[in-house]
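Peer 1: task: produce atomic coordinates for the following.
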Amino acid sequence: MLSHLSQEDLSSKTTNELVIEIGKEFLKTPYVEKTLELPGEEKLVINLMGLDCTTFVETVITLTRLAEEGEFTFEAFEKELKNLRYRDGVNEGYPSRLHYFSDWIAENQEKGILTDITAKIGGSPYPNAPSFMSENPKFYEQLANPANLAEIKTAEATIKERTYFFIPKTEIKSLEKNIRSGDIIAITTSMSNLDIVHTGFAIEKNGRIHLMHASSKNMLVEISEKPLSEYLAGNKSHSGIIVSRLISSSR
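Peer 2: Residues are numbered from 1 along each chain as shown. As a prediction, this is how the structure comes out:
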């Protein structure tokens, strides 16, 4: 993929156009869950042969930023991905990974990688106090370590203190004119102890906004058959979306 990108003339493309072009390269890539949940010491996992919804988003953003910067080495890929995936861009063990996607959004906004545009395009306040990980440590092997669990609780408390906005799913159709192809879509949930249950990229298709994502239902990277608003309407636990837009990293 890095070699392929290095041979393309990408200079005329906007950041969002790059997201779509690079994202489409991964269509039909198999969906593989929990690729980052490995035993032992926390490592920067890179697996382009099998993606879940978050690793698909991270991979496409990493490649987009490298394309804009004209950096096509594996070392540059590792550095960019690590910066996205970990708090302050530093792997300091399991708890330093940005496990909650709303935390991922806020932290990467602080790094200057993206902007959460949800409030700007008509979003409503989103009460966000995730606690699923600390309440269910049995699902996470690394949380058997009390120090790791304590750090996750600290991260949850930090998220709770922030102000978030979302677009309720009943309002997506009327507001989707403000969403661009290539924007990051994070799907919120009505479950009070979780924040985001799925993520992908907005993509325009037949004049409507759809979702390009790694689908756990169809087990591959795809573009949703239904427009985004209808995609969410079909799932009771999906409450709405948070929309973020990448900031150009061009030199």
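Peer 1: ok, now which ones touch Glu135?
Peer 2: By C-beta atoms under 8 Å, 6 or more residues apart in numbering, Glu135 lies in contact with Asn193. The way it works is simple: take the backbone N, C-alpha and C, and place the C-beta from them, glycine included.
Peer 1: hmm, 10 Å instead?
Peer 2: Lys153, Glu156, Asn193 (C-beta atoms under 10 Å, 6 or more residues apart in numbering).
Peer 1: now the buried members of those.
Peer 2: Glu156 (16 or more other C-beta atoms under 10 Å).
Peer 1: in helices only, show me the contacts of Glu135.
Peer 2: Within those, residues falling in helices by DSSP state H are Lys153, Glu156.
Peer 1: between the contacts of Glu135, which is nearest Thr59?
Peer 2: Glu156 (26.1 Å; C-beta to C-beta).
Peer 1: can I assume that closest one is in contact with Ser131?
Peer 2: Yes - between Glu156 and Ser131 a contact is recorded at 5.4 Å, counting by C-beta atoms under 10 Å.
Peer 1: give me the common contacts of the two.
Peer 2: By C-beta under 10 Å, 6+ apart, the residues touching both Glu156 and Ser131 are Tyr100, Asn193, Asp195.
Peer 1: tabulate the residues you listed (TSV), appending distance to Glu33 and pLDDT.
Peer 2: Shown next, in TSV, are those (distance: C-beta to C-beta, whole Å; pLDDT from 0 to 100):
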residue	distance to Glu33	pLDDT
Tyr100	17	99
Asn193	20	98
Asp195	18	98
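Peer 1: next, give phi and psi for Ser102.
Peer 2: phi -70, psi -30 (degrees, to the nearest 10).
Peer 1: residue contacts, the closest residue to it other than its chain neighbours?
Peer 2: Nearest non-adjacent residue to Ser102, counting by C-beta to C-beta, 6 or more residues apart in numbering: Asp195, 4.1 Å away. Counting by C-beta under 10 Å, 6+ apart, Asp195 makes contact with 100-105, 126, 128-132, 156, 159-160, 164, 166, 186, 188-189, 242.
Peer 1: okay, Asp195 and His99: tell me how far apart.
Peer 2: Distance, Asp195 to His99, by C-beta to C-beta, to the nearest Å: 10 Å.
Peer 1: shared neighbours, those two?
Peer 2: Common neighbours of Asp195 and His99 (C-beta under 10 Å, 6+ apart) are Pro130, Phe132, Glu156.
Peer 1: can I get those residues in TSV including pLDDT and distance to Leu211?
Peer 2: Output for the shared contacts of Asp195 and His99, formatted as TSV (pLDDT from 0 to 100; distance: C-beta to C-beta, whole Å):
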residue	pLDDT	distance to Leu211
Pro130	98	22
Phe132	98	23
Glu156	99	27
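Peer 1: what ranges do the helices span in this protein?
Peer 2: Along the chain, the stretches classed as helices by DSSP H are 2-6, 15-24, 53-69, 74-85, 101-110, 132-135, 146-161, 172-175, 228-233.
Peer 1: tell me which of the ones you listed lies nearest to Thr199.
Peer 2: Short answer: helix 53-69, nearest of these by C-beta to C-beta, at 5.0 Å.
Peer 1: can you pull the buried residues of the closest one?
Peer 2: So, applying 16+ other C-beta under 10 Å, buried residues of helix 53-69: 53-68.
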